[in-house]
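**Q** Whatever this is, show me its structure:
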Amino acid sequence: MSMPSDGRRYQGAFGNGRTAVTTPVDVRLTSHGLEIRAEGERQARLWPYAELQSSVPLLVDDKDVLLSRAPGGLETLFVADATFPRALLARTPALSPARRRWQGVRPGLALVAAVAVIAGGIWALDVSPPQTVARMMPQQVRETLGRNVVTSLAGQYRACDGAAGRAALDRLTQRLSTAAAANAVPVQVMLLDWGLINAFAAPGGQIILTRGLVQQAGSADEVAAVLAHEMGHAIELHPETGLVRVIGLTAAAQLILAGSSGTLSNIGVILTQLRYTRIAEREADTHALRLLKGAGISPKGFGDFFERLEGRRPAAQQGKGITDYEVIRTHPLTAERLAMIRAQPAYPATPALSPEDWRALREACGAPRPPAPAPAAPSGDATASPTPAPTPGKQSPQAEQDIAEATRTLANNPKDVAALQKRAGAYARRSQHDLALLDYAKAIELKPDDAALHYGRGLALQNLRRHEDAISAYDEVLRLAPAHANARNGRGNVNRTLRRWDAALQDFEELIRTRPDYIHARYNRAMVLREADRLQEALGAFSETMARDKDYTAALTGRGLTHEKMGAREAAIADFRAALAMPAKYNNGAWAHRVARERLKALGAK
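**A** Got it, this is the predicted structure:
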């Protein structure tokens, strides 16, 4: 007879097995199976108890549970609640040690007794059991565990073996390993042809980077920072410690005594699902900063990488989910980590890789795929140019031709600034801003007083969300050419993104004063006022923008949003309808139409 539901809901994290992103879910034990429901989903998933599987036996006193569903086992469910294992085992005794046998291990009585002695001694000494057991593992066991992970993943994703890229990665690894000094551990880094933006450390100093991470990174310094962080995990034996925490002390002790990893049938799945504690992440961050300093690589890329991750996170997931509550969050908050990184004192540094090595590393898995578009700014940014913006990732025949011509020119004369600028502009039109940045940087070395080159670099940095660097680039443009309207507008928009309202308003107001015909400065000033909750001033600024250009679509949508924020529903509806009745003018026109439609629907208007 099946047990009825106890009505209790547990918080969990659901993984679809195709990406590293997990979705917060509610989990309920019903009479037929686990009911799993994400926020906003109308239909819950039901995992029958008979189909539940766990890579390790489940104990009643476990602190968390990692489950998958047979057959296949791609989807996973992680529940970090100490009361959940006992409740689950009452319904699924097949997951308990009494009903499951470890494959490949037939320990005798002596082994069992030895395990008990190890476990009891560790607890009696009041030390951290998982970390202590991890340190007791023979290096051969660690390396075998790590190879199992690499082998299981390499079977799904090929290793990127471009000779030049491999050499570049080896040089970067050696540079960081040398900086590890007394804490050095043997490290082997593999780059997999995997589009996921990810990196993780496996036992035995095995580290995996993915093509997605390398090709979407804004600079070699960002990749160096991620690699240094994973090396920090390896130094502290965090992968091994996390594994012990998941599989249990007794099973880990058996690994030590048996000298084999054959006890684990799905070690790769377990390790890729590990969630490090906040203390472990801080330790890895601390090691990363030490390694970067020792290697003479700026820590700025570390902060840039976290900002990039924050920008890529879907808006629907920001501020939600079990991992966002500080009480149970396993990773330090991004803002906390950024503050620590940004607080590091400056020191002499050089780029992690030369431009040639960086390009080779990015192409180690083949030609870089067009990067995913950055999330559309909900505030409807207006750029300097009134022409439509190119579609991110869209192939432009003219851009392809310009790249080919410039590359041929540079093959004969690597110092041709015009060719570098031409190719950088073509890369930017294809939204390959990281490649554009490389060419702009080289061109600036050859012609440091060219304001146009610094402006192109600023745009590339802005598109890569390297905000502080973008401001510095725009500052240099304005030093060289104080009347450069596009640079002042760009700096204003970056300050607006950083919510530095006063600095943004200063830029836009100065631009309006010196270039009264620059319509985008008026619109952007209005947007800053709205976002700063200076709503009455924002209404006037939007109306002023439309007085100068009655077809400025985004100004109408912006005014509608302001009216809605003030509670003036009918006025907001009128503005949204008016915006939809006119063409999508300028590069923010599509945004204006989309938002106007969404708001009319939300307000119940047609």
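
**Q** contacts and neighbour counts: CA atoms only from here.
**A** Fine.

**Q** The residue lying closest to residue 577 once chain neighbours are set aside: what's it in contact with?
**A** Distances taken as Cα to Cα, 6 or more residues apart in numbering place residue 596 nearest to residue 577, at 7.3 Å, with adjacent residues excluded. Applying Cα atoms under 8 Å, 6 or more residues apart in numbering, one finds that residue 596 lies in contact with 557, 576, 577, 579, 580.

**Q** Residue 572 contacts residue 564, correct?
**A** Yes - using Cα atoms under 8 Å, residue 572 is in contact with residue 564, at 5.3 Å.

**Q** neighbour-wise, which of those two wins?
**A** residue 572 (26 against 18; other Cα atoms under 10 Å).

**Q** picking up where we left off before, quick one: the residue nearest to residue 577 is in a helix?
**A** Yes - the assignment for residue 596 by DSSP: H, G, I helix; E, B strand; the rest coil puts it in a helix.

**Q** ok, back up a step: out of the contacts of residue 596, which one sits closest to residue 431?
**A** Distance to residue 431 across those (Cα to Cα) is lowest for residue 557, with 26.4 Å.

**Q** now the closest one: how far from residue 542?
**A** Distance of residue 557 to residue 542, given as Cα to Cα, to the nearest Å: 9 Å.

**Q** Look at these two and report which has more neighbours.
**A** Between residue 557 and residue 542, counting by other Cα under 10 Å, residue 557 is the more crowded of the two (31 against 27).

**Q** which residues does the more buried one contact?
**A** By Cα under 8 Å, 6+ apart, the contact list for residue 557 reads 575, 576, 579, 592, 593, 595, 596.

**Q** Can you convert those into JSON lines and add a column each for secondary structure?
**A** Formatted as JSON lines, these follow (three-state DSSP):
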{"residue": "575", "secondary structure": "helix"}
{"residue": "576", "secondary structure": "helix"}
{"residue": "579", "secondary structure": "helix"}
{"residue": "592", "secondary structure": "helix"}
{"residue": "593", "secondary structure": "helix"}
{"residue": "595", "secondary structure": "helix"}
{"residue": "596", "secondary structure": "helix"}
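
**Q** export those to CSV and tack on pLDDT and distance to residue 61?
**A** Formatted as CSV, the contacts of residue 557 follow (pLDDT from 0 to 100; distance: Cα to Cα, whole Å):
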residue, pLDDT, distance to residue 61
575, 92, 60
576, 92, 57
579, 91, 60
592, 90, 54
593, 92, 55
595, 91, 50
596, 91, 53
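
**Q** Among the residues you listed, name the buried ones.
**A** Buried residues within the contacts of residue 557, counting neighbours by 16 or more other Cα atoms under 10 Å: 575, 576, 579, 592, 593, 595, 596.

**Q** so the fourth one makes contact with residue 578?
**A** This points to residue 592. No - contact criterion Cα under 8 Å: residue 592 and residue 578 do not qualify, at 10.8 Å.

**Q** got the domain boundaries for the chain?
**A** Domain ranges of the chain: 9-99, 146-238+277-342, per automatic domain parsing.

**Q** looking at those domains, which is buried most?
**A** Of all the domains of the chain, domain 146-238+277-342 carries the top mean neighbour count, a mean of 19, counting by mean count of other Cα atoms under 10 Å.

**Q** burial count for residue 550?
**A** Using other Cα under 10 Å, residue 550 has 13 other residues around it.

**Q** Now it, what are its backbone angles?
**A** Main-chain dihedrals, residue 550, degrees, to the nearest 10: phi -70, psi -10.

**Q** Please, where are all the strands along the protein?
**A** Under the criterion DSSP state E, the chain contains strands at 9-15, 22-29, 33-38, 45-48, 52-53, 65-69, 76-79, 188-192, 199-202, 206-210.
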